[in-house]
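> Below is the structure, and that's it, no one-letter string:
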């Protein structure tokens, strides 16, 4: 199953890892998904290298039941993602509504905070080098019966 017709949320927070964030955004758009960027704050944030991202949706404006996939990118190695309480709650709400949760690298820390002990409907990539195969796993998980 492709990401076509899916509503996808990609989280952004300070010092996001560029490929961990932009690869899912661009891949989702390429495959026909509606991609929403939800940042830790309304002002957006900058990547490890200083590239800005401006959110197009606030956490409070997302209907978790309408989200098929939420992507939680990593940040610089050795740092922890500075996800907001609203972003963590959104991960939990999307998962509870039946959506797939996908974490890249240390973005798994956010998933662990939102879904302690959960393992169903969660796909993980160890890091940036795994993004291509990661999307194969995401597609397979989206195609699997609920």
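Nice, I can see it. None of these values were measured; they are calculated from a predicted model. Numbering: from 1, shown residues only.
> What segments of the chain are helices?
18-30, 85-96, 108-114, 131-143 (DSSP state H).
> If we go by neighbour counts, what in the second one is buried?
Pointing back at helix 85-96 there. Under the neighbour-count criterion of 16 or more other C-beta atoms under 10 Å, helix 85-96 has 87, 88, 90, 91, 92, 93, 94, 95 buried. Using the backbone N, CA and C atoms, a C-beta is placed for each residue, glycine as well.
> Spatially nearest residue to the fifth one (excluding sequence neighbours)?
Going back to what we said before, that points to residue 92. Using C-beta to C-beta, 6 or more residues apart in numbering and skipping the chain neighbours, the partner closest in space to residue 92 is residue 114 (4.4 Å).
> burial of the one you found, as a residue count?
23 (other C-beta atoms under 10 Å).
> Centroid-nearest residue for the chain?
residue 71 (1.4 Å; C-alpha atoms, centre = their mean).
> pretty sure that one is in contact with residue 102, am I right?
Yes. Contact criterion C-beta atoms under 8 Å: residue 71 and residue 102 qualify, at 4.9 Å.
> so what sits against both of those two?
residue 24 (C-beta atoms under 8 Å, 6 or more residues apart in numbering).
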